[in-house]
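Student: Just need the structure, nothing else, for what follows:
(one chain, ligands or ions: 2)
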Amino acid sequence: MPPEELAKAYEPKDVESRWYPFWEKSGFFTADAASGRPRFAIMIPPPNVTGSLHIGHAFTLTLQDVIARWKRMSGFDTLWLPGLDHAGIATQMVVERQLAKEGKRKEDLGREEFEARVWRWREESGGKILKQLRIMGYSLDWTRERFTMDPGMSRAVREVFVQLWEQGLIYRGYYIVNWCPRCVTALSDLEVETETEPGSLWHIRYPEKAGGPGIVVATTRPETLLGDTAVAVHPEDERHKHLIGRPVLLPVLGREIPVVADEFVDRTFGTGAVKITPAHDANDFAAAQRLGLPSINIMDERAVLNENAGPYAGQDRFEARKGIVAQLEEEGLLVKTEPHPVPLGHCQRCGTIVEPRLSRQWFVKMAPLAAPALAAAEDGRIRFVPESWTKTYFEWMRNIRDWCISRQLWWGHRIPAWTCAKCDELTVARDAPAACPKCGGTELVQEKDVLDTWFSSGLFPFSTLGWPEATPDLARYYPNDVMMTGYDILFFWVARMIMLGMRFAGDIPFPVVFLNGLVRDEHGKKMSKTKGNDVDPLELVARHGTDAVRFTMTALGAPGTNPALSEQRLAGYRAFVNKLWNASRFLMMNLEGERASGYELRALPLPSRWILSRQQDVARKVGEALTELRFDQAASELYHFVWNEFCDWYIEIAKSYFPDPVEGPRTRAVLLEVLEKTLRLLHPVIPYVTEEIWQRLPHEGPSIMVAPFPVPEPGKIDVEDEAAMTRVMRLVTAIRTLRATYEVDRKRRIDVTVVAPAEADAAFITRHGPLLRHLAGLGEFRVVSSAPDVPGELREPVDGVELRVSMAGLFDVAAEKARLTRELAKIDDERVSLGRKLENPQFVERAKPEVVVQARQRVHELEERRAKVMATLDELGRVP
Ligand SMILES: [Zn+2]
Ligand SMILES: [Zn+2]
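Tutor: Ligands and ions are numbered 1, 2, ... in the order given. Next comes the predicted model:
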């Protein structure tokens, strides 16, 4: 338990290390299906098991925790389920790098041992991020933690795969896929980042076998000609009609290939003749299927040319390109080369240029899955926040392509399909079959490929709850209530969860999708490790404390923006946490041993009734903002209330009541009530500092995190009180502004006459006179219905009345006159000397032009200042 007294300064580290273990041990994070309360369920976007916390996690997850803590305090049985993703490629790469340090390759270990090694790594060092999630204070239900490769989730993966197969929605076949020669695996379309880069278009002559000039084709990838199996022209192209059906000779290899006709050829591109390379181009592959042409694969899995490449076998694809271009040139077959922009796909993970590759892969037919998922968003069962993402979702779902789900990796969910060695029969099954159902053979070979990582995370909303078993958790927490994640994985993850959830769990997985932006640096630039502008959230925590970082993330949570994170904002919210700490400390020191005594609301002075009323309004607005997922608005309401209204105004006012035997105790009661409730309002955003303070105040229950979230109390709302206090504050502010403008000594009392022509106004000012005098530091204070114009008086209109302040009351007029007179003399000296210079033609000609410009500008400034000083002197001259 914490020490009784609050420390002089807020020490985040000390406080944070105490409360998280307390919360976790007390079971406050654990959802309780038997609680009889309404439920609220939300899933974490499972971080990669290889990962460490980055700023994107900190952003999304802080917003999730705000919601989870708010719902829990609002009486909901709240499940926020944590988990990790096995992250196929990423994890395999980590362990492969470790092996490389030992001078080994995964092949040296063999598949089984390699997998065991990855598991070992996962047990020992994987999941570092789980500790970091605790540092951030996230209230995740650790008793339900999942991993996408744990037995339950693996079972769900197999179940979904088998059902999709049985429903005819999974097929396999030879297709051109995106292939990363560095990662040695197929990639889905989403895993490829395409950029247009400068390249060349090479025009190459394929001579006729009979000795004619043949035909010229244009290509951006000349090395692939080694795999050509035809040249295609448009059937009506007069330039090439005579060659259709006649053989030409493939350069370099001298292999004979036919000239074929196909309507897909664009007559306007290049020469109107295109080479057909079925094994290395998706369009050519489709054409070859139509035309019955063979495919020749010229590269291995690492994009090194193979035995089909003749003299270039053993060379890398780009090395071979150079050699082939040189050879063509030498042999006079290179007609011309022109610069040509080329769209190039890069592996999202490693940046390597993707190679289209013919290989046998597994696919999911997406159209039947997309239709209901599209309808759910169209009819409003699923809503996107911000709404603008709906259109993007529609477009993608309407043009959806089949999903290549097989990956040539060792780490992941192995595809549950077996081939009979005897009869080649393929069996897809939940468990390894004992014998071939066709021939009874027992030698069955399991598919080597694993599934795309997103296949398992796509089941997250229900596989984590025990599906396919009909568990109590599944019945209670599915569908979840909201999905919150970055917009960058809308298609990778969110869309797939919707499609798979509707198909297999029988309902939409969540009614609301909140897509947050991606955190940028303070100049609005994308953060990246390579650019060195990325920020480690734990380093921010070390410097500012978790609560300051969390408040910053919450304030940045405006929908539809990529927020800019700046040091200035972090420092500002750290100051906010400190301000709350200091205010609380001040109050506790002034409790004088007493605890909250009661008060009668109507008997309280205006400022106390005002702050109580204001608090109800803030409670309402924060509740509404969180309901609408407007985190930025909730943060802004809380910030303004605590900093301005509570600390700057109310606490300052309350101090003056402390010595009063009647007002003192009840003011302290109000202060305590407002502080305690404010802590509860703030708790979802800044859990640590609020718990630390709350435990020292009179309170009910074991922890603020299970105390009720404040709702507005109608009895304490009084709009008239709020309006009256606002008016008093405006008057005080007007006088404080005067003080600041004339740099009036803080202790100097100011004499004010208020001219209030209307009787109601006069009554109002008179009634609140003592408060005004106290807050504005007034000396003599009069309210009159009219007053003559007196020289040397400042007049300030505020809400229908006029404040009149004698300058003589603000400062020593004689001394000010003397000071201004001296200033005037100095101004005139400088003005005259500059004027002389500028009249001298030699100066104007010889001096640098900017010096002349500067001098003229200075004269202008001096003249302006002179006019002001003269006016003030004139005004002061009228002071009697
Ligand atoms: Zn790669
Ligand atoms: Zn068989």
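
Student: Using the three-state scheme, assign the closest residue to ligand 1 within the stretch 651-800 of the chain.
Tutor: Closest to ligand 1 within the stretch 651-800 of the chain is Val685: 39.8 Å, counting by Cβ to the ion. From N, CA and C alone the C-beta is placed, and that goes for glycine too. Under DSSP: H, G, I helix; E, B strand; the rest coil, Val685 falls in the coil class.

Student: contacting residues around the spatially closest residue to it that is not a sequence neighbour?
Tutor: Spatial nearest neighbour of Val685, chain neighbours left out: Thr554 (4.9 Å); criterion: Cβ to Cβ, 6 or more residues apart in numbering. Thr554 sits next to Thr62, Leu63, Val66, Phe631, Asp632, Ala634, Ala635, Val685 when contact means Cβ atoms under 8 Å, 6 or more residues apart in numbering.

Student: Tabulate the residues you listed (TSV), appending secondary structure.
Tutor: Compiled in TSV, the contacts of Thr554 are given as follows (three-state DSSP):
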residue	secondary structure
Thr62	helix
Leu63	helix
Val66	helix
Phe631	helix
Asp632	helix
Ala634	helix
Ala635	helix
Val685	coil
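
Student: which of these count as buried?
Tutor: If you count burial by 16 or more other Cβ atoms under 10 Å, the buried members of these come out as Thr62, Leu63, Val66, Phe631, Asp632, Ala634, Ala635, Val685.

Student: Nearest to Pro278 among the residues you listed?
Tutor: Leu63 (49.2 Å; Cβ to Cβ).

Student: from memory that closest one sits against Leu556, does it?
Tutor: No: look at Leu63 against Leu556 with Cβ atoms under 8 Å: they stay out of range, at 9.3 Å.

Student: I would like the residues contacting stretch 376-383, please.
Tutor: Here stretch 376-383 makes contact (Cβ under 8 Å, 6+ apart) with Phe384, Thr390, Tyr393, Phe394, Met397, Ile498, Met502, Ile508, Phe510, Pro511, Val512, Val513.

Student: Could you check how far Tyr867 is from ligand 2?
Tutor: Just to correct that, residue 867 is Ala rather than Tyr. 104 Å (Cβ to the ion, to the nearest Å).

Student: show me where the stretch 201-350 of the chain has helices.
Tutor: Under the criterion DSSP state H, counting those that start in this stretch, the stretch 201-350 of the chain carries helices at the ranges 282-291, 317-330.

Student: Export those helices as JSON lines, with columns for mean pLDDT.
Tutor: Listed next are those as JSON lines, based on pLDDT from 0 to 100:
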{"stretch": "helix 282-291", "mean pLDDT": "86"}
{"stretch": "helix 317-330", "mean pLDDT": "94"}
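
Student: Let me know which of those is the nearest to Ile489.
Tutor: In terms of Cβ to Cβ, the element of those nearest to Ile489 is helix 282-291, at 25.3 Å.

Student: Using PDB, list the CA coordinates for that closest one.
Tutor: Presented in PDB, the C-alpha positions along helix 282-291 are these (Å, rounded to 0.1, in the frame of the first residue of the first chain):
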ATOM      1  CA  ALA A 282       0.300 -13.500 -65.300                       C
ATOM      2  CA  ASN A 283      -1.300 -12.300 -68.600                       C
ATOM      3  CA  ASP A 284       0.900 -14.500 -70.700                       C
ATOM      4  CA  PHE A 285       0.000 -17.500 -68.500                       C
ATOM      5  CA  ALA A 286      -3.700 -16.800 -69.100                       C
ATOM      6  CA  ALA A 287      -3.000 -16.400 -72.900                       C
ATOM      7  CA  ALA A 288      -1.100 -19.700 -72.900                       C
ATOM      8  CA  GLN A 289      -4.000 -21.500 -71.200                       C
ATOM      9  CA  ARG A 290      -6.300 -20.200 -74.000                       C
ATOM     10  CA  LEU A 291      -3.900 -21.000 -76.800                       C
END
